[in-house]
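Asker: Return a 3D structure for these sequence lines:
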Amino acid sequence: MKLLDVDIPRLLITAPRGKTGKTITTLTIALALISKYGLKVQTFKIGPDFIDPTYHSTITSRPCRNLDPYLQNPQKIINRFITYSKDSDIALIEGVFGIYDSPDIETQIGETEIIARILKTPIILVIDSERINKSIAAIVKGFKDYGKMNIRGVVITNIVKESQYRKIEKIIEKSFKDIEILGYIPKSSKLEELFKYRHLGLVPTLESGTRDLIYDSLKKVIDFIDIDKIVKIAREAETLRCIGEFEIFENVLRKINIGIIIDKSFTFYYPEVIELCINYSNKMYILDSMENTSIPTDVDLLVIGGGFPEVWAEYISSNKPFLKSVYKFYEKGGFIYAECGGLMFLTDCIVYGGDCYDMCKIFEACTYMLNRPVGHGYVLAEIVDRIPIGSPGKIFRGHEFHHSKIYLKDRDVKICLKLYRGRGIGDGRDGLLKYNTYAQYTHIHPSSYNHIYHIVNYIVNVKLLGSSN
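Answerer: Next up, the predicted model:
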């Protein structure tokens, strides 16, 4: 088996905890590298995140890729990193939560630390300066010593005035010989508004329509970051060794026509899902649940990802022609695959903010939005009935994050997933199958399990070849 050694300048940007400014710092560094040095920048996000990557892509004009130690083994992580950064000049990896945080404290599942070690990457620590100065040195020392990590630089966020930063700069320079102070992000009400949080994190850029505002706002802060030092540290990264060069996905024998709903309501798609839909289709249609009135007549498969249909429920509900078109597609035997928000879209209604909004009415069920997370974290699922994504006995990994609960009344539905980890629809179950429509709360990343490949082959066998085997 071929071994390949690769040198790619890279940095991992992390923090002591969440909500300290990792995303803003990553974007500022990326923009500075592009605008000042003219470099091609590839970004990565640790963890199962659909939203932050939309901000990365706004700056780099390249798809941001996810790296996840629960969904991908170490060699897969290395191969993915090399595959997607090999034609770039430098790679930036944004961490998740704090550097040592994980969903399971007793193991290291999902930790940023694991990715840093696998990819042998120098680390930049982002620290919030609110109501602190000299104690920052103690935080840096503690985080460096705790896991013996290669922390090479510090960026300070929420700086009110330059004199505040100079005090912190002085203590860092005095305390460490091998850790650089790399600049700061000034406190800004405009940035706070652009990067405000909602119940599942930041607002996706496709939904918020803030792409130009984000670019213009970050352009004003790039001069506060020492890009020369950052490039120097990135070039210190060790050589990576991988088996082969590319991340390889299976090819299908026959292609089908695919429609995929991508709009302000449905934005939760990994770039690999869209790329596979393109590769596996004769024709691919991008549909809008609030603007389109019908599904093209030659579509074989309708894909509906996650997102925020509850936020846009009034607009979705008012587009009766499209809702009827989806139902008619189902009624005539069309194949539908949906995740999370897509599952909600296929129920009778969504109840949100005291109002009830009609949806597609394929599943006899009501979706209720709650004020707390219902399912949030990793999933381990076993398929217990033949479904488009696989056969009984297949175990796969995924993730979920939803504040909704479905009350199911449908007697024609089969529940097809047994969960060893995760909440799904409840009681350790997920995956609803009704005729040719299959939907689940669980999100799947193709690098962990190529569900799109299985769905396309399933449709070819059942519909085009007249076999269910």
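Asker: Any idea how far apart the tips of stretch 205-214 sit?
Answerer: Across its full length, stretch 205-214 reaches 9 Å between end residues, using Cα to Cα, to the nearest Å.
Asker: Check stretch 204-213 too.
Answerer: One end of stretch 204-213 sits 14 Å from the other (Cα to Cα).
Asker: who's in contact with the closest residue in space to residue 99 that isn't next to it in sequence?
Answerer: Excluding its sequence neighbours, the residue lying closest to residue 99 (Cβ to Cβ, 6 or more residues apart in numbering) is residue 14, at 4.3 Å. Any C-beta I mention is one placed from the backbone N, CA and C, and that applies to glycine too. Residue 14 is in contact with 22, 94, 95, 98, 99, 112, 116, 123, 124, 125, 126, counting by Cβ atoms under 8 Å, 6 or more residues apart in numbering.
Asker: how near is residue 14 to residue 323?
Answerer: To residue 323, residue 14 is 43 Å away according to Cβ to Cβ, to the nearest Å.
Asker: and the residue found closest to residue 414 once you drop the neighbours it is linked to in the chain, what helix or strand is that in?
Answerer: Nearest residue to residue 414 in three dimensions, chain neighbours excluded: residue 433, at 4.4 Å (Cβ to Cβ, 6+ apart). Taking DSSP states H and E as the definition, residue 433 sits inside strand 429-434.
Asker: Show me the helices in the stretch 1-150 of the chain, by range?
Answerer: Applying DSSP state H, counting those that start in this stretch to the stretch 1-150 of the chain gives helices spanning 22-37, 52-60, 74-85, 112-118, 135-147.
Asker: And the first one, what's buried?
Answerer: Right, helix 22-37. For helix 22-37, burial by neighbour count (16 or more other Cβ atoms under 10 Å) applies to 22-34.
Asker: List the buried residues of stretch 289-302.
Answerer: Quick answer for stretch 289-302 (16+ other Cβ under 10 Å): 289, 290, 292, 295, 299, 300, 301, 302.
Asker: which of those residues lies closest to residue 363?
Answerer: residue 302 (14.5 Å; Cβ to Cβ).
Asker: residues in contact with the closest one?
Answerer: 258, 259, 260, 261, 287, 295, 326, 329, 334, 335, 336, 337.
Asker: Roughly how far does the residue nearest to residue 348 when sequence neighbours are not counted sit from residue 40?
Answerer: Spatial nearest neighbour of residue 348, chain neighbours left out: residue 361 (5.0 Å); criterion: Cβ to Cβ, 6+ apart. From residue 361 across to residue 40, the span is 47 Å (Cβ to Cβ).
Asker: go on, residue 234?
Answerer: 13 Å.
Asker: the more surrounded of the two?
Answerer: Neighbours were counted for residue 234 and for residue 40 using other Cβ atoms under 10 Å; residue 234 has more, 24 against 16.
Asker: Tell me which residues touch the more buried one, please.
Answerer: Residues counted as contacts of residue 234 (Cβ under 8 Å, 6+ apart) are 9, 10, 11, 90, 122.
Asker: Can you say which two of the residues you listed are spatially most distant?
Answerer: Using Cβ to Cβ, the contacts of residue 234 reach their maximum pairwise distance at 90 and 122, which is 11.7 Å.
Asker: got TSV for the contacts of residue 14, with pLDDT and distance to residue 423 too?
Answerer: As requested, the contacts of residue 14 are arranged in TSV below (pLDDT from 0 to 100; distance: Cβ to Cβ, whole Å):
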residue	pLDDT	distance to residue 423
22	94	27
94	97	26
95	96	25
98	92	24
99	93	27
112	94	24
116	96	30
123	98	33
124	98	35
125	98	33
126	98	31
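Asker: mind giving me TSV with these and columns for distance to residue 50?
Answerer: Shown next, in TSV, are those (distance: Cβ to Cβ, whole Å):
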residue	distance to residue 50
22	16
94	14
95	16
98	21
99	22
112	18
116	23
123	25
124	24
125	25
126	22
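Asker: Among the residues you listed, name the ones in strands.
Answerer: Under the assignment DSSP state E, the contacts of residue 14 contribute 94, 123, 124, 125, 126 to strands.
Asker: tell me what the host helix or strand of residue 163 is packed against?
Answerer: Under the criterion of DSSP H and E, residue 163 resides in helix 162-175. When contacts are defined as 3 or more Cβ pairs under 8 Å, 6 or more residues apart in numbering; DSSP states H and E, helix 162-175 packs onto helix 135-147, strand 151-159, strand 180-186.
Asker: Out of the ones you listed, which one sits most buried?
Answerer: Compared across these, strand 151-159 shows the largest average neighbour count, a mean of 24 (mean count of other Cβ atoms under 10 Å).
Asker: average model confidence for that strand?
Answerer: What strand 151-159 shows for mean pLDDT is 97.
Asker: Contacts for it next, please.
Answerer: With Cβ under 8 Å, 6+ apart as the test, strand 151-159 has contacts from 13, 20-21, 24-25, 122-130, 136, 140, 143-144, 165, 168, 172, 178-187, 224-225, 229-230, 233, 236.
Asker: if you average pLDDT over the helix or strand hosting residue 396, what comes out?
Answerer: Element membership of residue 396, judged by DSSP H and E, is strand 395-402. The average pLDDT for strand 395-402 rounds to 96.
Asker: Return the distance of the next helix or strand along the chain from that strand from the chain's centre.
Answerer: Reading on from strand 395-402 to the C-terminus, the next helix or strand found by DSSP H and E is strand 404-408. Taking the mean of its C-alpha atoms, strand 404-408 sits 24 Å from the chain's own mean (Cα atoms, centre = their mean, to the nearest Å).
Asker: same thing with stretch 327-342?
Answerer: Chain-centre distance of stretch 327-342: 23 Å, with Cα atoms, centre = their mean.
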